[in-house]
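Participant: Structure, please.
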Amino acid sequence: MIDIPELAAQHLDAARADQYGRSAGIVAHDGELRQTVIALTAGSSLGEHNSPNAATLQVIGGRVRVASADGDIEATTGQLWVLTHERHSVHAVEDSTFLLTTVTGVGRESHG
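Facilitator: Purely as a prediction, here's the structure:
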């Protein structure tokens with residue numbers, strides 16, 4: 001059993017100690033399914049990148065902004081967002097943790 005809030009807190013502590021304000025770790029990897037806990041300190045970002053075949057972002061704590069050609073969306077604690085199939089970036093508006101769930105490797109290239 002994985003305690004997501006505890007794991008998120010550990011990664012947030014690690015992000016606060018990281019020069020780039022980031023920390024991440026894979027929670028589950030089963031075939032094409034991958035889940036990763038990501039922590040970003042306020043003002044930190046994940047630069048623009050391609051979208052996987054399918055993905056959701058669920059905010060565990062804090063507030064993040066996802067920017068893409070479709071526009072920006074902000075998600076806060078408890079909210080889940082289905083990521084678009086556009087290149088996007090993620091910016092922490094405040095110290096934040098989120099669970100990124102992706103489906104990869106199903107014989108198609110990433111979107112974007």
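Participant: How much space separates the most centrally placed residue in the chain from Val93?
Facilitator: Centroid check for the chain by CA atoms, centre = their mean gives Leu100 as the closest residue, at 4.3 Å. Distance of Leu100 to Val93, given as CB to CB, to the nearest Å: 17 Å. Placement of C-beta: from N, CA and C, glycine included.
Participant: if we can go back for a sec, quick check: beta-bridge partners of the residue nearest to the centre of the chain?
Facilitator: Applying DSSP bridges to Leu100 yields these beta-bridge partners: Thr36, Leu57.
Participant: show me what contacts it?
Facilitator: When contacts are counted by CB atoms under 8 Å, 6 or more residues apart in numbering, Leu100 touches 35-38, 55-57.
Participant: Let me know the distance separating it from Gly25.
Facilitator: 11 Å.
Participant: Of all pairs in the contacts of Leu100, which one is the farthest apart?
Facilitator: Spanning the widest gap among those are Val37 and Ala55, at 14.3 Å by CB to CB.
Participant: With neighbour numbers in mind, choose between the two.
Facilitator: Val37 (23 against 20; other CB atoms under 10 Å).
Participant: That one is in contact with Val27, isn't it?
Facilitator: Yes - using CB atoms under 8 Å, Val37 makes contact with Val27 at a distance of 5.5 Å.
Participant: sorry, back to before: tell me the buried residues within the contacts of Leu100.
Facilitator: 35-38, 55, 57 (16 or more other CB atoms under 10 Å).
Participant: Just name the closest of these to His11, please.
Facilitator: Distances from His11 to the buried ones among the contacts of Leu100, taken by CB to CB, are shortest for Val37, at 5.4 Å.
Participant: Return the residues in contact with that closest one.
Facilitator: By CB under 8 Å, 6+ apart, the contact list for Val37 reads 4, 7-8, 11, 24-25, 27, 60, 97-100.
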